[in-house]
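Visitor: curious how this folds, go ahead:
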Amino acid sequence: MGAHFGNLQKIKDGKRTFSITPHIPGGFITADTMIKIADTAKKYKGILKITSGQRIMITNLKEEDLISIWKDLDMDPAVKNQYSIKNVEMCPAGFCKRSKENTIRIGMKISKNFHGKEMPNRTKIGVAGCRNACTSVYAKDLGVIATKEGFIISAGGSAGFHQRMSDIIAEKLSEEDAYRLVEIILDYYNDNALMGEKLGFFIDRIGIEKFKKDVVEKL
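Guide: Numbering: from 1, shown residues only. Below you'll find the model as predicted:
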């Protein structure tokens, strides 16, 4: 990934193809932006892929077209630095009969303020409006879940190479305190983890009780 923010996807018979992924906060997209993405993909003979991270990837692209494609899209790249907060995934919340709170509000606030923030390793955040925890919140580095009694914050999940279920850090929080605890955990992780250390492995190294005590105390 460089100034053109394209990922090398494939080398076949000496031909290199690339993909790009524009930033779509929470997976919520206007019809006009959807049309613009489709038109751009068509123009450059790209293949569209709906990703697991609530985004639309355009792949099968030529490297020499990448700068022009970003210009046509006039959108920010989803990921500028791999060691950062890569995405904040959200369930439909306010549009779902099961949600206990419209968590799109806190999700968008987290996305706006923290998306792209540099971290010791790639970090994913999940936000859900009920305990069904759609968007696999418990497998995310950081999770925010609304319940009848208030918000749950979980941390340390991973569905990747070394899978790990997240730990519950605090429950029955107000929305304001939930947001603040997310901020505290991200700062604590940034200040104390080793470079390249995923949040879950950082928790395992220092111990869950110490982690909980240190972050909740700050709240």
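Visitor: going forward, measure contacts between C-alpha atoms and count neighbours the same way
Guide: Will do.
Visitor: give me the pLDDT for residue 119.
Guide: Reported pLDDT at residue 119 in the predicted model: 98.
Visitor: neighbours of it, how many?
Guide: For residue 119, the count of nearby residues is 24 (other C-alpha atoms under 10 Å).
Visitor: list the contacts for the closest residue to it other than its chain neighbours?
Guide: Leaving aside its chain neighbours, residue 119 sits nearest to residue 84 (4.6 Å; criterion: C-alpha to C-alpha, 6 or more residues apart in numbering). Applying C-alpha atoms under 8 Å, 6 or more residues apart in numbering to residue 84 gives the contacts 115, 116, 117, 118, 119, 120, 121, 122, 123.
Visitor: my guess is the first one meets residue 83, correct?
Guide: Spelled out, that is residue 115. No - taking C-alpha atoms under 8 Å as the definition, residue 115 is not a contact partner of residue 83, at 11.5 Å.
Visitor: these two: who's more crowded?
Guide: residue 115 (22 against 18).
Visitor: I'd like to know how far the more buried one sits from residue 108.
Guide: Distance, residue 115 to residue 108, by C-alpha to C-alpha, to the nearest Å: 10 Å.
Visitor: now residue 68
Guide: Plainly put, residue 68 is 29 Å away from residue 108 if you go by C-alpha to C-alpha.
Visitor: of the two, who's got more company?
Guide: Using other C-alpha under 10 Å as the criterion, residue 68 and residue 108 rank with residue 108 on top: 19 against 13.
Visitor: packing partners of the helix or strand harbouring the more buried one?
Guide: Assessed by DSSP states H and E, residue 108 sits inside helix 104-114. Identification of packing neighbours for helix 104-114 by 3 or more C-alpha pairs under 8 Å, 6 or more residues apart in numbering; DSSP states H and E yields strand 85-90, helix 175-192.
Visitor: any idea of the mean pLDDT in stretch 64-76?
Guide: pLDDT averaged over stretch 64-76 gives 96.
Visitor: tell me the centre residue of the protein?
Guide: residue 87 (1.7 Å; C-alpha atoms, centre = their mean).
Visitor: contacts only, for that residue.
Guide: Applying C-alpha under 8 Å, 6+ apart, we find residue 87 in contact with 25, 26, 53, 78, 111, 115, 116, 123, 124, 125.
Visitor: out of the contacts of residue 84, flag the one nearest to residue 179.
Guide: If you rank those by distance to residue 179 using C-alpha to C-alpha, residue 115 comes first, at 13.9 Å.
Visitor: distance check, the closest one against residue 95.
Guide: Note on residue 115: its distance to residue 95, by C-alpha to C-alpha, is 23 Å.
Visitor: who's in contact with the helix or strand harbouring residue 205?
Guide: Element membership for residue 205 (DSSP H and E) is helix 199-206. Where contact means C-alpha under 8 Å, 6+ apart, the residues beyond helix 199-206 that reach it are 121, 123, 141, 155-158, 164, 166, 189, 193-194, 211.
Visitor: now render these as TSV, adding secondary structure.
Guide: Listed next are the contacts of helix 199-206 as TSV, based on DSSP: H, G, I helix; E, B strand; the rest coil:
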residue	secondary structure
121	coil
123	strand
141	coil
155	strand
156	coil
157	coil
158	strand
164	strand
166	coil
189	helix
193	coil
194	coil
211	helix
